[in-house]
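**Q** got a sequence here, can you build the structure:
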Amino acid sequence: MAESTLSISYEDLGRSTAFYLGFGRKATTGEGLTASQSANVLAANNAGYRRFLLAHDWEFVTPRTTITLWATKTGTAAAALTTTVTATAAKFFPSMVGHSIVFLSGNSYTITGYTSSTVITVSSTAAADSSTTFTVTSDGVYRLPDDFGGMDSTEMAFEANNGDDRVIQLTSEPMVVDSWQFSTTTARPSMAAIRPLSNSAGTGQRNDLVVAPIPDTDYVVSYRYNVLPNALTTGLYPYGGMAHGETIRMCCLAAAEQMFRSHENTQRQEADRMLAASIRKDSASGPGRLGLTRGRAPGRVYEPRITGGLYHGVAIP
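**A** Take a look at the predicted model:
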């Protein structure tokens with residue numbers, strides 16, 4: 001489905017900020033900005049977009065997605081391998097990144113990237129293992145999406161119409177690890193937690209999902225999470241769509257004002273007003289999340305997302 005033609009785009013934001021800064025209504029160097037002007041426009045727009053995104057727990061940046069909690073996989077590699085391993089049948093999942101693929105020869109390689117259910121990349125050339133069987137052992141650890149910024153609920157649901165209403169409860173990472181110490185018997189997972197990884201050079205912060213028990217077969221589960229959006233580039237639209245496009249534009253103008261015209265305050269005042277209106281609109285859009293939310297920090301008390309009525313004696317818009 002196409003984006004609304006009234007939605008504000010990367011180019012729209014560029015032309016608006018460039019015009020405000022006196023550069024003409026030009027979005028990029030291709031439209032006539034100098035390299036310096038383009039850098040200033042981009043810096044202001046990135047700062048403004050961040051300001052918008054961080055101003056509120058926006059409903060539209062908490063999508064529901066699925067992950068397959070895969071059990072141990074065995075397969076056969078195709079011929080002519082380099083750092084790309086192609087399986088003769090579907091065996092791979094995005095959440096295998098970080099795991100080792102071990103060949104019958106005894107050679108082991110770390111999985112560094114996922115291309116498709118039959119194609120992955122590995123840490124070094126695997127040419128010596130063409131046409132060789134391999135194993136990827138399930139250990140209850142699954143790589144989460146690169147844009148993962150935290151869970152938005154405390155439960156993960158199994159796939160629809162499976163005849164079982166049990167869920168996986170989100171808990172602390174030490175509890176999952178402790179359960180592995182008692183038993184590594186495989187079964188249907190009942191608990192899960194987030195494990196932050198070290199910030200590797202060139203990749204940024206990443207996270208794993210750890211579950212217990214370790215799966216005895218493949219389970220597809222769904223969850224809602226907080227997206228960490230990327231900076232906008234050519235042809236992209238900001239999160240928030242048409243409904244919040246003008247607020248995003250004003251946040252970008254406010255950032256440009258603060259960065260390059262700090263003696264003024266008109267754009268920042270208008271951005272604050274429009275942000276407040278957008279927050280009220282998003283808060284009134286309906287209870288998209290039910291129950292406890294934001295299970296990221298140990299020891300933190302999580303409150304439900306409430307819209308309308310009274311909460312702790314306070315009127316909620």
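**Q** ok, and for the strand or helix carrying S179, which residues are buried?
**A** Secondary structure from DSSP states H and E places S179 in helix 173-182. Using 16 or more other C-beta atoms under 10 Å as the burial criterion, the residues of helix 173-182 that qualify are E173, V176, S179. Where you see a C-beta, it was placed from the backbone N, CA and C, and this is true even at glycine.
**Q** can I get these in TSV with distance to L104 and pLDDT?
**A** Shown next, in TSV, are these (distance: C-beta to C-beta, whole Å; pLDDT from 0 to 100):
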residue	distance to L104	pLDDT
E173	34	96
V176	31	96
S179	32	94
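**Q** next, S278: secondary structure please.
**A** When classified by DSSP: H, G, I helix; E, B strand; the rest coil, S278 comes out as helix.
**Q** give me the neighbour count for it.
**A** If you count neighbours by other C-beta atoms under 10 Å, S278 ends up with 23.
**Q** same check on A157?
**A** Residues near A157, counting by other C-beta under 10 Å, number 18.
**Q** pretty sure it is touching Q169, no?
**A** No - taking contacts as C-beta atoms under 8 Å, A157 lies outside contact range of Q169: 11.2 Å.
**Q** residue ranges of the helices in this protein, please?
**A** 10-20, 35-54, 173-182, 241-260, 266-283 (DSSP state H).
**Q** can you redo those helices as CSV with distance to F60?
**A** Formatted as CSV, these follow (distance: least, C-beta to C-beta, whole Å):
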stretch, distance to F60
helix 10-20, 17
helix 35-54, 10
helix 173-182, 29
helix 241-260, 7
helix 266-283, 8
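**Q** what's the closest of those helices to A78?
**A** With respect to A78, and counting by C-beta to C-beta, the nearest of those is helix 173-182 at 34.0 Å.
**Q** residues near S123, how many?
**A** Residues near S123, counting by other C-beta under 10 Å: 14.
**Q** show me the contacts for it.
**A** T83, Y109, T110, I111, T112 (C-beta atoms under 8 Å, 6 or more residues apart in numbering).
**Q** ditto for F158
**A** By C-beta under 8 Å, 6+ apart, the contact list for F158 reads D164, R166, V167, I168, Y219, V220, V221.
**Q** any idea which of the residues you listed the model trusts least?
**A** Minimum pLDDT for these is recorded at D164 (74).
**Q** spatially nearest residue to it (excluding sequence neighbours)?
**A** With sequence-adjacent residues excluded and distances taken as C-beta to C-beta, 6 or more residues apart in numbering, D164 is closest to F158, at 6.5 Å.
**Q** pLDDT score for that neighbour?
**A** For F158, the model assigns a pLDDT of 93.
**Q** L290 too?
**A** Looking at L290, its pLDDT is 45.
**Q** next one: S4
**A** pLDDT, S4: 89.
**Q** could you do the one 4 residues further on as well?
**A** In the predicted model, I8 carries a pLDDT score of 93.
**Q** where in this protein is pLDDT low?
**A** By pLDDT under 70, the low-scoring segments of the chain are 1, 80, 200-202, 286-317.
**Q** tell me the domain boundaries of it?
**A** 10-58+239-285, 72-136, 145-227 (automatic domain parsing).
**Q** end to end, how far does the longest one reach?
**A** Going back to what we said before, that points to domain 10-58+239-285. Domain 10-58+239-285 has an end-to-end distance of 25 Å (criterion: C-alpha to C-alpha, to the nearest Å).
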